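In: show me how the following folds:
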Amino acid sequence: MQRMPRHPAQPMAARSGRFIQLVCVCWLTGAGPASAADLFSPPQDRSHSSSRQVQVRREPFPDRRFILEPGDVVAFVGGADTEASQHTGHLEALLTAAYPGLKVRFRNFGWEGDTVHAQPRDVGFPPLKEHLRRAGVSVIVLQFGRTEAMSGRNELSVFVSDYQKLLDACAQQTPRIVLVTPPPFEKGSGLLPDLSSRNSDLAEYADAIRRIGRQRNLPLVDVFADLGGASHREPRLTDNGLQLTPRGHALVARAFARQLGFGELAERSGASDVSGVWPNDAFERLRQAIVAKNRLWFNYWRPQNWAFLGGDRTEQPSSRDHRNPNIRWFPVEMEEFVPLIEAKEREIAELAGECPR
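Out: Now for the predicted structure:
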């Protein structure tokens, strides 16, 4: 069974007049996108692909201080909370407003169900390190621990060991890594369970992340502590104790901003409503543009039906041109996403300059 994205791909007119909803895995890089033909050619035919990548800075953050530089590509890596954040855009909007004019690009690689222990994918789907490499990622923001804490503190040592392994793998791409502690659990409404009772376990996991950050000299964004830690009650972040609401995402993004030292800028966006809408028009326009860009990016890197594009069904007739079965037309057509993403990012850059500072 193939994974289906939260938001299905938007129909796009192809050169042949077809409307398609399948997307392929392609990556934007500072030197331009790798071609779709490259991405679906055999590995031995792609030995030149690394030459297309941007030169990623190899120095870590100085004194554990988070700072973005011109042309940075920031990757968000994590589970369900990270994946869902791209569909509200609050965190990316605040980071974009805090660092205007630097042409920083943000790429969300969050995936529902991912943990430090495993990131399962469909047959043939490239591993995380390949996505990071092709995107030319220079900064990685990691948020794990919430799902893992559901296993209790008896599994903490395994969590630490696997987190260290994941960090080692990420460090092969860039040493500029940021660790984020997860937001607290809450009591569910109605007949739903009281997950807040698990915050004592989550506190142990958050403390382990802090220790890892100190050991590796990495910046830490302590969302868990900022939102009250194990004693968290208000403000309300979820409606079921686990999944963040749009307003919850806005509150977590503001906590993130406070931790990084631009909380005053975040306050200017105003308190979001239940739908996550900010009352400040400039910030809200920026957020909406980012949500639209993220939808394009989501459809670009995560296939709606990977099996026909790079998995175990690429030999099916529907995956190939009916006149010449040697031609794979899906990858070529999906290059049309590239200018759409680039146009949205130019719009985002303009809107960021309009946000009050």
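
In: list the contacts for the residue nearest to Thr88 when sequence neighbours are not counted?
Out: Among residues not flanking Thr88 along the chain, His249 sits closest, at 4.2 Å (CB to CB, 6 or more residues apart in numbering). For glycine as for every other residue, the C-beta is placed from the backbone atoms N, C-alpha and C. With contact taken as CB atoms under 8 Å, 6 or more residues apart in numbering, His249 is in contact with 84-85, 88, 90-91, 276.

In: same check on Asn240?
Out: Counted by CB under 8 Å, 6+ apart, Asn240 has contacts 188-189, 192.

In: if we go to 10 Å?
Out: Residues in contact with Asn240, defined by CB atoms under 10 Å, 6 or more residues apart in numbering, are 186-190, 192-193, 195.

In: quick check: pLDDT value at the closest residue to Glu155 other than its chain neighbours.
Out: Nearest non-adjacent residue to Glu155, counting by CB to CB, 6+ apart: Glu148, 7.0 Å away. For Glu148, the pLDDT comes out at 98.

In: now do Glu148 against Ser319, distance only.
Out: For Glu148, the distance to Ser319 (CB to CB, to the nearest Å) stands at 37 Å.

In: likewise for Val332?
Out: For Val332, the distance to Ser319 - CB to CB - is 12 Å.

In: more neighbours: the two, which one.
Out: For Val332 versus Ser319, the count of surrounding residues by other CB atoms under 10 Å is larger for Ser319: 20 against 17.

In: for that one, give me phi and psi.
Out: Backbone torsions for Ser319, taken as degrees, to the nearest 10, come to phi -90, psi 0.

In: contacting residues around it?
Out: Neighbour list for Ser319: 22, 305, 307-311, 313, 325, 328-331 [criterion: CB under 10 Å, 6+ apart].

In: which secondary element of the protein has the worst mean pLDDT?
Out: strand 19-20 (a mean of 30; mean pLDDT, DSSP states H and E).

In: buried set for stretch 321-336?
Out: Of the residues in stretch 321-336, 328-334 count as buried by neighbour count, 16 or more other CB atoms under 10 Å.

In: please apply the same query to stretch 186-206.
Out: Neighbour counts using 16+ other CB under 10 Å place 186, 188, 195-196, 198-199, 201-206 of stretch 186-206 among the buried residues.

In: so which of the contacts of Asn240 are in strands?
Out: Nothing among these maps onto strands, per DSSP state E.

In: just the closest of these to Ala253, please.
Out: Relative to Ala253, the closest of the contacts of Asn240 is Glu186; by CB to CB it sits at 17.4 Å.

In: roughly how far does the closest one sit from Leu91?
Out: Relative to Leu91, Glu186 is positioned 19 Å away (CB to CB).

In: ok, Ala250 next?
Out: Distance of Ala250 to Leu91, computed by CB to CB: 9 Å.

In: what about the two, which has more around it?
Out: The neighbour count for Ala250 versus Leu91, taken as other CB under 10 Å, is higher for Ala250 (30 against 27).

In: farthest pair within the contacts of Ser319?
Out: For these, the farthest-apart pair by CB to CB is Asn305 and Pro325; their separation is 18.7 Å.

In: JSON lines please, covering the contacts of His249 and showing distance to Arg268, secondary structure and pLDDT.
Out: Formatted as JSON lines, the contacts of His249 follow (distance: CB to CB, whole Å; DSSP: H, G, I helix; E, B strand; the rest coil; pLDDT from 0 to 100):
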{"residue": "Ala84", "distance to Arg268": "24", "secondary structure": "helix", "pLDDT": "97"}
{"residue": "Ser85", "distance to Arg268": "20", "secondary structure": "helix", "pLDDT": "98"}
{"residue": "Thr88", "distance to Arg268": "18", "secondary structure": "coil", "pLDDT": "98"}
{"residue": "His90", "distance to Arg268": "13", "secondary structure": "helix", "pLDDT": "98"}
{"residue": "Leu91", "distance to Arg268": "15", "secondary structure": "helix", "pLDDT": "98"}
{"residue": "Gly276", "distance to Arg268": "16", "secondary structure": "coil", "pLDDT": "98"}
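
In: ok, so of those, who is nearest Gly71?
Out: Leu91 (20.1 Å).

In: and for the closest one, nearest residue in space, chain neighbours not counted?
Out: Nearest non-adjacent residue to Leu91, counting by CB to CB, 6+ apart: Ala253, 4.0 Å away.

In: for my notes, confirm the one you found occurs in a strand.
Out: No: using DSSP: H, G, I helix; E, B strand; the rest coil, the assignment for Ala253 is helix, not a strand.

In: so it touches Ser272, yeah?
Out: Yes: in this structure, Ala253 is within contact of Ser272 by CB atoms under 10 Å, at 9.3 Å.

In: list residues touching both of the two?
Out: Residues touching both Ala253 and Ser272 (CB under 10 Å, 6+ apart): 88, 90, 287.

In: ok, the residue positioned nearest the centre of the chain to Ser85 distance?
Out: Nearest to the geometric centre of the chain sits Asn108, at 2.1 Å (CA atoms, centre = their mean). From Asn108 across to Ser85, the span is 7 Å (CB to CB).
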